[in-house]
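**Q** Mind looking at a prediction? Sequence and model below.
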Amino acid sequence: MKIYPVTVQELIPTNAYFYIDEDTNHGVLIDPGSEAERLLSVMRSQGFQLEALLLTHGHFDHIGAVEELRQELNIPVIMQENGRDYAENPNWNLSAQFHGNFILQNVTYQKDGAVIAYPEAPGLHLKLIHTPGHTTDGCIYYDEEHHVAFVGDTIFAGSFGRTDFPGGNEAVLYRSIRDKILTLPEETILLSGHSEETTVGREKNGPIWGRR
């Protein structure tokens, strides 16, 4: 499996990730926050074939390019089952405050523990793990075999997501991080929405979580 990060800038800088099976060039795109045409250009220039768009949560800066991409590619959009709170409510997804009104349609809502896998990308095997706190629908996509987790805004390198937006809860976020992320193997690479990559070990033993 190969990770192709693209930092989109149109709304606020946000990391989108192509996660691609190198043997077949099929895979998924995680958190396409904006700049649909740029993401399509990357996809086409690299010859990627996308099976789905995966969302770590429903904030505007992670969903801004979703509708344009979905219509162009005719592929599923996947969110954790609480994502309806954000997909259908511009006040909760913050687009009403920051950038018009985003509403997502035809979303596939998945439960905690769902496995994302496709025959066309046999190397791809992602487990959806619900990590609420930043939002009610926050989740990570964890690839146990390849030691990588796409963590959205749940945790950053040396930091963690805000909890002062609709659905946020600081105590819940701390539990999500402690119980569901920092319990993963220490070599697991954490790829977030707004920071450089880090690892479970680095965060677990770092200045924030090492003291808790």
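**A** Right, received. Where do you want to start?

**Q** Buried residues, stretch 192-203. List them.
**A** 192-195, 198-200, 202-203 (16 or more other C-beta atoms under 10 Å). (Each C-beta comes from the backbone N, C-alpha and C, glycine too.)

**Q** model confidence over it, on average?
**A** Averaging pLDDT along stretch 192-203 gives 96.

**Q** Low-confidence ranges, the protein, go.
**A** Scanning the chain with the threshold set as pLDDT under 70 gives 210-212.

**Q** Can you tell me the centre-most residue of it?
**A** The chain has Thr56 as the residue nearest its centroid, 3.1 Å off, counting by C-alpha atoms, centre = their mean.

**Q** Quick check: closest non-adjacent residue to that one.
**A** Gly152 (2.7 Å; C-beta to C-beta, 6 or more residues apart in numbering).

**Q** cool, and Asp153?
**A** With C-beta to C-beta, 6+ apart, the residue lying closest to Asp153 is Gly161, at 3.9 Å.

**Q** ok, Tyr86 touching Trp92?
**A** Yes - counting by C-beta atoms under 8 Å, Tyr86 does reach Trp92; the two are 4.9 Å apart.

**Q** what comes into contact with the longest helix seen in the chain?
**A** In the chain, with assignment by DSSP state H, the single longest helix is helix 36-46. Residues from elsewhere that reach helix 36-46 (C-beta atoms under 8 Å, 6 or more residues apart in numbering): 4, 6, 8, 16, 18, 20, 25, 29, 32, 48, 50, 65, 68-69, 72.

**Q** how far does stretch 62-75 stretch from start to finish?
**A** 17 Å (C-alpha to C-alpha, to the nearest Å).

**Q** let me redo that: stretch 52-64
**A** With C-alpha to C-alpha as the measure, stretch 52-64 spans 16 Å from end to end.
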